[in-house]
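> Below are the sequence and a predicted model for it; my questions follow.
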Amino acid sequence: MKNTLYLLLITIAAFSCQNKKNEVKQASKKPNVLIIFPDQLRRYSAGFWHESPYKELAQGKADPVVTPTIDKLAKNGVVFTNAISNYPLCSPYRGMMLSGRYPEQNGIWNNCKKGRNESLRDDISTIPDLFFKAGYNTSLFGKCHWLRNDPLFDENGNYVGSEEAPGGHRINAYDTYIPPGKSRHNIEYFYQALKDEHFNPRVYSNDPNAIEGKKDGELHLPKMFSAKNEAEKIIDYLKNEHGQRDASKPFCMIWAMNPPHNPWDDENTDMETLHKYYDKDKFPEIDEKLVVRENVDLETANYARHYFANITSVDMYMGKVIDELEKMGALDNTIILFSSDHGEMMGSHAKTGKNTFETESLAIPFIAHWPKKLSTSTEDVIFSVPDVLPTVMGLAGLGDAIPSDIEGTDFSSLLLTSETKVKKPEAALIMLGNSRGVHTTKYTLCLKEDKKPWDEHKVKTIDEAYFYDNINDPYQKNKISLNDNPEISNVLLKHLAGLLKKTNDPWYQQKKHSNLIPYE
């Protein structure tokens, strides 16, 4: 009996030790990383902004959109209330987000497009490069838009790598296929979708199983809503259905959806979602019940139903991917960063699109979700696009591997501990092709040059110089001349001078508009 009891105790002890070993192994496992950014989704297009404590922190009213997945991320993560797109345009955002560097250092000063030389530098480290080096599986699904658009395709959309026949064609006036090599920046699993046709994306992949047996560079047309198509491929990748990744490694995945980017019409909208949530039975007119911003021109905002429907659809497919992570038991140890490349005016100030300094264009969502390490909270730090790279590396425990020439700031300590020595910035640089300015928690400064096209570098005068008071004028209805409040203007201009110098901006290099900007 004693021998039996002794053996039982030994067995229990051994089992307990083995469990502890497993716990230690699990506890020391590197986190997965999932960066999700739909195109052209403005900060306040999410349901959670209608609830406390978020609604008290919003600049104006939030849109009446249905976003249960985004809401869940927000309510179980860290919501950044002052995240901005420093250059609210697709390619410049991608250059900054991927590289942690401002345009002068990363190579992208405008949208990559036919006839332009904008292109992300091959010789700088990006998020996928750095995570690959750290032992991660790297992958990308969706839109790229960071490479110069050369006519290197045949007439059927297949990549031939030459402008000579059968090359000499483009697949799209804007985005182009990223071929294997340095421009792909160590993305191991590649599933790219091009062109602003949400139900007819042009797809290229290095996984023949995902594109009906085709080769990397051969055009595939899935004829499916792009967010749905990408979600299905991501779930297959997570399940590792045919060995797409090394399951012993953590993954770093970037998912860049095209919706809710325009066009906003029936052919490019998830109409089932529109009919369910935003049709005339619920919103008889496109009026202030649907388009709630107080600075809006309702006639200009006539596409609101379509914009909101595609946001809700994107949210749904995000939910399917996140549900799969939860089924796998991987959600708790996956860092999810949710954001967007820029906002959407949708009739505010009678404007559409982005590429302007108003809140609806500049303000972007940014949520950090990691159940294992992050508690639910809000963070008011002025968060810039180049901060994404160092912050996600810091969260993943790779702070020592952040390149020394990165221009963004690692804010991971703000999220992981209440005690941090990281200084919150007083202002962020904002830019357009012909404009520079700064964004603070209270003000938005804009200096706009009188020249078009801006990249010919000919005109040397300022057409407009003003700032908005975002606290007392949340809808930015009143432009305040610099001369009307020189005390505030001088502070903002001093911030601008410092940031232009810090980022080696061409305005600083040429000391442009030194009659206004105190460079020294």
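It's in.
> what's residue 289 in contact with, if anything?
Residue 289 makes contact with 64, 283, according to CB atoms under 8 Å, 6 or more residues apart in numbering. Where you see a C-beta, it was placed from the backbone N, CA and C, and this is true even at glycine.
> next one: the one 5 residues further on
With contacts defined as CB under 8 Å, 6+ apart, the neighbours of residue 294 are 60-61, 475, 477.
> cool, and residue 222?
Contacts of residue 222 (CB under 8 Å, 6+ apart): 201, 203, 229.
> now the helices for this protein?
Using DSSP state H, the helices assigned to the chain run over residues 2-27, 68-75, 90-99, 103-106, 127-133, 226-239, 271-277, 304-327, 359-362, 388-395, 412-416, 486-502, 506-509.
> So for the fifth one, mean pLDDT?
Meaning helix 127-133. For helix 127-133, mean pLDDT is 98.
> between the contacts of residue 222, which is closest to residue 184?
residue 203 (15.4 Å; CB to CB).
> That closest one and residue 212 touch, don't they?
No: the pair residue 203 and residue 212 does not pass the contact test of CB atoms under 8 Å, sitting 10.0 Å apart.
> okay, these two: which has more neighbours?
Between residue 203 and residue 212, counting by other CB atoms under 10 Å, residue 203 is the more crowded of the two (24 against 10).
> Quick check: neighbours shared by residue 203 and residue 212?
Contact with both residue 203 and residue 212 is made by residues residue 220, according to CB under 8 Å, 6+ apart.
> First-to-last residue distance for stretch 214-226?
19 Å (CA to CA, to the nearest Å).
> what's the domain layout of the protein?
What the record gives for the chain is the domain set 35-416, 428-509, from automatic domain parsing.
> which of those domains sits most buried?
Comparing those by mean neighbour count (mean count of other CB atoms under 10 Å), domain 35-416 ranks first with a mean of 20.
> chain center to it: distance?
5 Å (CA atoms, centre = their mean, to the nearest Å).
> what about it, how long is it end to end?
So domain 35-416: terminal residues 18 Å apart, CA to CA.
> same question, stretch 46-57
Counting by CA to CA, the terminal residues of stretch 46-57 are separated by 14 Å.
> can you list contacts of it?
Contacts for stretch 46-57 (CB under 8 Å, 6+ apart): 58, 62-63, 65-68, 70-71, 74-75, 79, 81, 365, 378, 380.
> I'd like the C-alpha coordinates of stretch 311-322 written as CSV, please.
Extracted C-alpha coordinates of stretch 311-322, given in CSV (Å, rounded to 0.1, in the frame of the first residue of the first chain):
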residue,chain,number,x,y,z
ILE,A,311,-17.4,49.6,-43.4
THR,A,312,-19.9,47.2,-41.8
SER,A,313,-18.9,44.5,-44.4
VAL,A,314,-15.2,45.0,-43.7
ASP,A,315,-16.0,44.7,-39.9
MET,A,316,-17.8,41.4,-40.5
TYR,A,317,-14.9,39.8,-42.4
MET,A,318,-12.5,41.0,-39.7
GLY,A,319,-14.7,39.2,-37.2
LYS,A,320,-14.4,35.9,-39.1
VAL,A,321,-10.6,36.1,-39.0
ILE,A,322,-10.5,37.0,-35.3
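> which residues touch the spatially closest residue to residue 251 that is not a sequence neighbour?
Nearest residue to residue 251 in three dimensions, chain neighbours excluded: residue 137, at 4.3 Å (CB to CB, 6 or more residues apart in numbering). Counting by CB under 8 Å, 6+ apart, residue 137 touches 188-189, 245-246, 249-252.
> May I see those organised as TSV, with pLDDT added?
Listed next are these as TSV, based on pLDDT from 0 to 100:
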residue	pLDDT
188	98
189	98
245	97
246	97
249	97
250	98
251	98
252	98
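> May I ask which two of these are separated the most?
Distance extremes for the contacts of residue 137: the farthest pair is 189 and 250 at 13.7 Å, using CB to CB.
> So for the closest residue to residue 227 other than its chain neighbours, what pLDDT did the model give?
Nearest residue to residue 227, sequence neighbours excluded (CB to CB, 6+ apart): residue 317, at 4.4 Å. pLDDT recorded at residue 317 is 98.
> Residue 283 touches residue 298, doesn't it?
No: contact criterion CB under 8 Å: residue 283 and residue 298 do not qualify, at 11.9 Å.
> how close does residue 135 get to residue 29?
Noted for residue 135: a distance of 12 Å to residue 29, by CB to CB, to the nearest Å.
> Mind listing the shared neighbours of those two?
What both residue 135 and residue 29 touch, as defined by CB under 8 Å, 6+ apart, is the set residue 250.
> how deep is the nearest residue to residue 397 once chain neighbours are set aside tucked in, by neighbour count?
Sequence neighbours aside, residue 30 is the residue nearest to residue 397 in space, at 6.9 Å (criterion: CB to CB, 6+ apart). Using other CB under 10 Å, residue 30 has 17 neighbouring residues.
> and what of the one 4 residues further on?
Residue 34: 25 surrounding residues under other CB under 10 Å.
> Quick one, grab the pLDDT at it.
Residue 34 carries a pLDDT value of 98.
> How about the one 5 residues further on?
Among the per-residue scores, residue 39 shows a pLDDT of 98.
> you'd agree it is up against residue 262?
No: with contact defined as CB under 8 Å, residue 39 does not reach residue 262; the gap is 9.3 Å.
> Can you pick out the most distant pair from the contacts of stretch 46-57?
Using CB to CB, the two most remote members of the contacts of stretch 46-57 are 66 and 380, lying 26.6 Å apart.
> shaky segments in this structure?
Within the chain, the ranges that satisfy pLDDT under 70 run 1-28, 418-419, 451-460.
> in it, which spans are strands?
32-36, 78-80, 137-142, 189-194, 202-205, 251-256, 334-339, 366-369, 377-379, 428-432, 435-439, 443-449, 462-469, 480-481 (DSSP state E).
> Name the residues that touch the shortest one?
Spelled out, it's strand 480-481. Counting by CB under 8 Å, 6+ apart, residues outside strand 480-481 touching it are 465-469.
> nearest to residue 256, of these?
For the contacts of strand 480-481, the nearest to residue 256 is residue 468 (29.9 Å; CB to CB).
> Now for the closest one: which residues touch it?
Here residue 468 is in contact with 443-444, 476, 478-480 (CB under 8 Å, 6+ apart).
> Which of those residues sits closest to residue 240?
Nearest to residue 240 out of those is residue 444 (CB to CB; 46.2 Å).
> which residues does residue 338 form a beta bridge with?
Beta bridges link residue 338 to residue 36, residue 367, judged by DSSP bridges.
> Many thanks, I have nothing further to ask.
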